[in-house]
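Undergrad: generate coordinates for the sequence data below:
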Amino acid sequence: MNCQSLNETAQAFQELLDLIITLRSENGCPWDKKQVPETFHPYILEEYHEMVHAIHDGSHGEISDELGDLLFLVIFTAYMFEQQGVADLKDVMQGVVTKMIRRHPHVFGNVEANTPGEVVDNWAKIKASEENIRDRESLLDGIPRSLPALNRAQKLARRASRVGFDWAKPDDVFAKIDEELLELKEAVASKDSRHIKEELGDLLFVLTNAARLLEINSEAALNETSDKFERRFRHIETRLREQGRSLEQSDLDEMDDLWDEAKGLEKRDG
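TA: Numbering: from 1, shown residues only. Okay, here's the model as predicted:
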């Protein structure tokens, strides 16, 4: 990035900040003035997921738009904290710069890290030595409960694996999957809804660990399967619509046939 681009980026950031300051000012927007950081949680989560969707399926313009929405909310939240005297925006930015430089000694220092794995190992060691991390009471502290459930499960298990609380290899966890599946079937047979929920949760947790040991992100894997389900189900709707019929006018056997047709088209198209 050349000097002109840097200046233009700095100017654009200042314009964004000026906009937020105006919205929060005495003569600004009544809705924006009323907000507090706690009320912004759902908006940030919503915009984050819209950004991820755009990155996965959107055009360049849509990606830029969603990134802008998320950036706006993050800066807006930071400015609200500044107004409360909790954290100065300048200190927030300088703090993260300092932290990232400290966690990249292979770039800004004399530490060698030639592979992504070595970078991750160094990152974990440096992070563990930092004061706000070092003073935690539990190894599991700092993993937000607000994370998507599959991501949270993988993070909890990955954190515990640092001290050897883990299966040695994927084959070991497969036996646990069989065990949890059997317990779920027994719970279903008992017709105890609370027990069924518990055993289903156990099975899902073990499955996320299988994904972790196979070096697969369970959230991403399930999202891809959900995309596949949506794609094939939409094919069923489209084919029935071409015949002048609705889903309600079809039956399971016919829908299964159209599902298999969708699978065949996917295989043909690679």
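Undergrad: now name the helix or strand holding residue 268.
TA: Element membership of residue 268, judged by DSSP states H and E, is helix 252-269.
Undergrad: packing partners of that helix?
TA: helix 218-242 (3 or more CB pairs under 8 Å, 6 or more residues apart in numbering; DSSP states H and E). The way it works is simple: take the backbone N, C-alpha and C, and place the C-beta from them, glycine included.
Undergrad: what about the helices in the stretch 1-150 of the chain?
TA: 3-24, 30-34, 41-57, 60-84, 89-102, 105-108, 116-129, 131-134, 149-161 (DSSP state H, counting those that start in this stretch).
Undergrad: pick out the shakiest of these, pLDDT-wise.
TA: Lowest mean pLDDT within the helices of the stretch 1-150 of the chain: helix 131-134, a mean of 74.
Undergrad: show residues contacting that helix.
TA: Contacts with helix 131-134, where a contact means CB atoms under 8 Å, 6 or more residues apart in numbering, come from 127-128, 142.
Undergrad: ok, now stretch 263-270?
TA: By CB under 8 Å, 6+ apart, stretch 263-270 touches 231-232, 235.
Undergrad: returning to what we had before: tell me which residues of the helix holding residue 268 come out buried.
TA: Buried residues in helix 252-269, counted by 16 or more other CB atoms under 10 Å: 255, 258-259, 262.
Undergrad: and the angle for it with helix 218-242?
TA: Helix 252-269 and helix 218-242 meet at an angle of 110 degrees, taking axes from the mean of the first three to the mean of the last three CA atoms, to 10 degrees as the criterion.
Undergrad: deepest of the helices of the stretch 1-150 of the chain, which one?
TA: helix 149-161 (a mean of 17; mean count of other CB atoms under 10 Å).
Undergrad: now find how far off-centre it is within its chain.
TA: Distance of helix 149-161 from the chain centroid (CA atoms, centre = their mean, to the nearest Å) equals 13 Å.
Undergrad: what packs against that helix?
TA: Against helix 149-161 (3+ CB pairs under 8 Å, 6+ apart) you get helix 193-213, helix 218-242.
Undergrad: any idea which helix or strand comes after that helix?
TA: Taking DSSP H and E as the definition, the helix or strand right after helix 149-161 is helix 170-190.
Undergrad: chain center to that following helix, what's the gap?
TA: On CA atoms, centre = their mean, the centre of helix 170-190 falls 27 Å from that of its chain.
Undergrad: what angle separates that helix from helix 193-213?
TA: Using the same axes, to 10 degrees: helix 170-190 against helix 193-213 is 170 degrees.
Undergrad: neighbouring contacts of helix 170-190?
TA: Against helix 170-190 from outside (CB under 8 Å, 6+ apart): 167, 195-196, 198-200, 202-203, 206-207, 209-210, 213-214.
Undergrad: I'd guessed residue 146 sits against residue 41; true?
TA: Yes. Between residue 146 and residue 41 a contact is recorded at 7.4 Å, counting by CB atoms under 8 Å.
Undergrad: overlap in contacts of those two?
TA: By CB under 8 Å, 6+ apart, no residue touches both residue 146 and residue 41.
Undergrad: how many other residues sit next to residue 167?
TA: 18 (other CB atoms under 10 Å).
Undergrad: let's number from 804 now, not from 1
TA: Okay, residue one is now 804; in that scheme the one you just asked about reads as residue 970.
Undergrad: quick one: contacts for it?
TA: 976, 979, 1012, 1016.
Undergrad: format the residues you listed as a markdown table; extra columns: distance to residue 813, pLDDT and neighbour count.
TA: Shown next, in a markdown table, are the contacts of residue 970 (distance: CB to CB, whole Å; pLDDT from 0 to 100; neighbours: other CB atoms under 10 Å):
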| residue | distance to residue 813 | pLDDT | neighbour count |
| --- | --- | --- | --- |
| 976 | 50 | 93 | 19 |
| 979 | 53 | 95 | 17 |
| 1012 | 45 | 93 | 25 |
| 1016 | 45 | 92 | 20 |
